[in-house]
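1. just the structure for this:
(chains A and B)
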Amino acid sequence: MDMKATKKKLGIKERYAHMTRGLGWEPTYQSADAVFPYDKYEGIKIHDWDKWVDPFRLTMDAYWKYQGEKDRKLYAVIEAFAQNNGHLNITDARYLSAIKLFWQGVSPLENYVVQGFARAGRHFRGEASRVACQMQAVDELRHYQTQAHSISNYNKYYNGFHSQRHMWDRVWYLSVPKSFGEDALTSGPFEFLIAISFSFEYVLTNLLFVPFMSGAAYNGDMSTVTFGFSAQSDESRHMTLGIEAIKFLLEQDPANVPIVQGWIDKWFWRGSKVLALVGMMMDYMLPKRVMSWKEAWEIYAEENGGALFRDLARYGIRPPKGWADACEAKDHLSHQVWLLFYEYGGAAAFHTWSLTDEELDWLSAKYPDSFDKYYRPRLEFLRDKHARGERVYQGTLPTLCTTCQIPLCFTEPGDPTKISHRETVHKDEKYVFCSDHCQEIFGNEPEKFVQSWLPVNQIYQGNCFNPDVDPTAPDFDPLKAVLEYFKYNLGRDNGDFEGSEDQRNFAMWRGQASKN
Amino acid sequence: MSKVFIIVQANEEARPIVEALLQDNPHAVAQESPAMVRVEAEGKMTLNRATVEDLTGQPFNIQQLHVNLISISGHIDEDDDYLTVAWAN
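-> Numbering: from 1, shown residues only, chains lettered A, B, ... in the order given. Coordinates of the predicted model:
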């Protein structure tokens, strides 16, 4: 006689336990240390991998089910957006500069994180940590793909979206996120986890995906807000993984605390520099603004990050070393980066422009302690020159920070009128930095950072011209030759928005959309 | 005391989640921004499956939250019937 199964369905805690416990085995053909060669050399001590728990406890069936649902929703929006000329519903074509920068500089980073988590998922000993890393690798691949599919619609109509892979390895400002990603990828697996899951995902990504994506919605970009929030729903899991990972490491052994603290110091600072680009996107590139970079920093870094570090104090963890300087910079960061890109607007594959009075007033109101005193007069001066037909473009190349690779455009803590400049001599070579913290990162790992591929230095060494170029020709224009090496469509991808092809086309198409 | 938050998309699937959070956590506050709703509360906040089911008249799996979730802050404790976010400080 058949027995009816009466056993109750498993709860999520039991299902997760079945998926992540007891799946591994002790290797016998090879020693465990030979199978997992990279999870000890960083000095992190793990005594019990079973203490690793993913609090969301997603099992594979639930993971595929919910990810499938997210993708179906997203692709329905992408299709509707493309079919209905959604690109003509954005507030202004200036907005697209932010999306160009996102596509050029953020999306490739997603791809790096795929590689990093695939590797971490291979090299950790604990099964639960490996499952978590593998899921995150698949998530990040989804992010890159959905961004490619969403943004490809803009590439049909607007300049600057082409040649992303080519530009990523060459263009000066893209070396900022690229070197950040490669620094993480070439770290040990535990440092990678703290760099990406904790410092970047937990402490900083809210700044990228929450207020900026809400800004995309506010500017009528249905496509970007949908991929952004779809990605961010995965980020919520990644952030949770980040905080669990750090608690796990800190609870496993007291000797882990100083190592982890060093990584938090390094990666918080590196992440805050990469996000300077996002500050500029929020304050300057969104025609309709949701909140200022400063407000976003206060909510998501100071308030939320502050809560986190108060919580970690019981393990002996303190806020990152660069915390106070990064918080002080909230009044200056976006303005300094925008001014940099405005002046180097001839060498960027997106447009910059002069701000309207209304936009300047908005910034004055949002930055009462800094904007009118330090930045508004400069922006008005540049605008006046532009109006007289003397648009300012820098023709020389800036000095780059060896660590973050951002041109030296940031100012001294406590003195926003003085450019911050540090130097270290290492083995008879001089290295330049934008800050004490970038200098200290170099000092801790000089063998790694002497290998930095600094675009400006490479240009001066003659390594950034196409092979058929003759630098000895009498009419040789080095800047033009470099931009051709970047594969820019000169005069279309770069320069001021005013008078650009994007501006003309958008106005013409929008006109066609509203009348016969 | 630190604040926890749950941010969801501003859509019909997430609306009962926001309502359930506000109903079960009297100290929670909702803030609306373009395309999103941020529910924040001092210290701790719980989403209960039963409350969402009462509001919609449909079965609700706590993990359905993932589909419309944008961000979350605090330590997470999740089981079949609830999801709690809390800070220990």
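2. OK, contacts around the closest residue to A:Ala62 other than its chain neighbours?
-> In space, and not counting its chain neighbours, A:Ala62 is closest to B:Gln63: 5.4 Å by Cβ to Cβ, 6 or more residues apart in numbering or on different chains. Glycine gets a C-beta too; all of them are placed from N, C-alpha and C. Neighbouring residues of B:Gln63 by Cβ atoms under 8 Å, 6 or more residues apart in numbering or on different chains: A:Ile12, A:Phe56, A:Leu58, A:Ala62, A:Tyr66, B:Glu78.
3. in TSV, list those along with secondary structure, distance to A:Ile441 and neighbour count.
-> Formatted as TSV, the contacts of B:Gln63 follow (DSSP: H, G, I helix; E, B strand; the rest coil; distance: Cβ to Cβ, whole Å; neighbours: other Cβ atoms under 10 Å in any protein chain shown):
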residue	secondary structure	distance to A:Ile441	neighbour count
A:Ile12	helix	41	19
A:Phe56	coil	33	25
A:Leu58	coil	35	24
A:Ala62	helix	40	18
A:Tyr66	helix	38	20
B:Glu78	strand	37	22
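4. closest to A:Lys427 out of these?
-> Nearest to A:Lys427 among these: A:Phe56, at 47.7 Å, using Cβ to Cβ.
5. so which elements touch the longest helix seen in chain B?
-> Longest helix in chain B, counting residues (DSSP state H): helix B:15-24. Contact partners of helix B:15-24 among helices and strands, from 3 or more Cβ pairs under 8 Å, 6 or more residues apart in numbering or on different chains; DSSP states H and E: strand B:3-9, strand B:29-33, strand B:36-42, strand B:44-48, helix B:49-56.
6. in the stretch 101-250 of chain A, which residue sits nearest chain B?
-> A:Ala217 (3.5 Å; Cβ to the nearest Cβ).
7. tell me how many other residues crowd the closest residue to that residue other than its chain neighbours.
-> The shortest distance from A:Ala217 to any non-neighbouring residue, by Cβ to Cβ, 6+ apart, is to B:Ala35 (3.5 Å). B:Ala35 has 21 neighbours, counted by other Cβ atoms under 10 Å in any protein chain shown.
8. and for the one 4 residues further on?
-> One way to gauge burial is a neighbour count; for B:Val39, by other Cβ under 10 Å, it gives 22.
9. quick one, what contacts it?
-> B:Val39 neighbours (Cβ under 8 Å, 6+ apart): B:Phe5, B:Ile6, B:Ile7, B:Val8, B:Val18, B:Leu21, B:Leu22, B:Ala28, B:Val29, B:Ala30, B:Gln31, B:Met45.
10. who's the last one bridged to?
-> The bridge-partner assignment for B:Met45, based on DSSP bridges, gives B:Val85.
11. any idea how far the closest residue to A:Gly24 other than its chain neighbours lies from A:Gly22?
-> Among residues not flanking A:Gly24 along the chain, A:Glu127 sits closest, at 4.5 Å (Cβ to Cβ, 6+ apart). Using Cβ to Cβ, to the nearest Å, we find A:Glu127 at a distance of 8 Å from A:Gly22.
12. what of A:Ser107?
-> With Cβ to Cβ as the criterion, A:Ser107 and A:Gly22 are 38 Å apart.
13. mind checking the SS state of A:Leu490?
-> coil (DSSP: H, G, I helix; E, B strand; the rest coil).
14. in which helix or strand would I find the nearest residue to A:Asn489 once chain neighbours are set aside?
-> Nearest in space to A:Asn489, with sequence neighbours left out and distances taken as Cβ to Cβ, 6+ apart, is A:Asn159 at 6.3 Å. A:Asn159 is part of no helix or strand, with elements assigned from DSSP states H and E.
15. surely A:Asn159 and A:Arg492 touch.
-> Yes. Judged on Cβ atoms under 8 Å, A:Asn159 makes contact with A:Arg492 at a distance of 4.6 Å.
16. more neighbours, the two?
-> A:Asn159 (22 against 14).
17. for A:Ala17, helix, strand, or coil?
-> helix.
18. now do A:Val456
-> Under three-state DSSP, A:Val456 comes out as helix.
19. what separation do you get for the nearest residue to it once chain neighbours are set aside and chain B?
-> Using Cβ to Cβ, 6+ apart and skipping residues adjacent in sequence, the residue nearest A:Val456 is A:Leu397, 4.6 Å away. According to Cβ to the nearest Cβ, to the nearest Å, A:Leu397 and chain B sit 39 Å apart.
20. A:Gly414 too?
-> From A:Gly414 to chain B the distance is 29 Å (Cβ to the nearest Cβ).
21. list the contacts for that residue?
-> A:Glu328.
22. re the thing from before, what's near enough to touch the residue nearest to A:Asn489?
-> A:Asn159 makes contact with A:Asn489, A:Arg492, A:Asp493, A:Ser500, A:Glu501, A:Asp502 under the criterion Cβ under 8 Å, 6+ apart.
23. does A:Ser179 sit in a helix or strand, and which one?
-> Short version, using DSSP H and E: A:Ser179 is in helix A:175-185.
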